[in-house]
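what's the 3D shape of this:
(one chain, ligands or ions: 2)
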Amino acid sequence: MSDLDRVRRWADALLALHLDESWSFGFDNAARRAGLCDFGKKRITVSRHLAERFDDDRIHQVLLHEVAHALAGAGAGHGPRWRELARDLGYVGGTTHDGPIATERARWSGSCPAGHSFVRFRRPGREVSCGRCSRRFDRGSIITWVDLRRAS
Ligand SMILES: [Zn+2]
Ligand SMILES: [Zn+2]
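Ligands and ions are numbered 1, 2, ... in the order given. As a prediction, the model looks like this:
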């Protein structure tokens, strides 16, 4: 069984345990982001590239992170509700969706109301809205930033 088959098995089992049947799991081709929760399609995906490189614990954590998003709902972002659900699931990581290289070095973590995550080395000087939710500046998709050095 390949690593990807194993990941798929865990993912299917996790989804069956925590979410209803309308949710599905798949792989995507993202190079830097580890996982994604697509509320529109009700689909959780994990980067094929990172799934092949990450160890088991790390992939498991990525899955828990995304399942918590699915449970918390699209508006929750990485706010208190998401954090509580993630903790209950056994998630111990941070609030980013990026690969290990980016997250370990970046200081600022941001998320839009729909749960898209971003990392920055410096705090953005002005308000930024989520480029994945809207191509133009959109007040409803403002990214909120967290200082990772101060967050526990
Ligand atoms: Zn997240
Ligand atoms: Zn967004």
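
Tell me the pLDDT of residue 103.
pLDDT, residue 103: 51.

repeat for residue 142
93.

wait, what's in contact with it?
Residue 142 sits next to 112-113, 127-130 when contact means CB atoms under 8 Å, 6 or more residues apart in numbering. For glycine as for every other residue, the C-beta is placed from the backbone atoms N, C-alpha and C.

can you tell me which residue is nearest the centre of the chain?
With distances taken as CA atoms, centre = their mean, residue 97 lies nearest the centre of the chain, 4.0 Å away.

Count the neighbours of the nearest residue to residue 91 once chain neighbours are set aside for me.
In this structure, residue 91 finds its nearest non-sequential neighbour in residue 64, 4.1 Å apart by CB to CB, 6 or more residues apart in numbering. By other CB atoms under 10 Å, 22 other residues sit near residue 64.

helix or strand for residue 64, which one?
According to DSSP states H and E, residue 64 maps onto helix 56-72.
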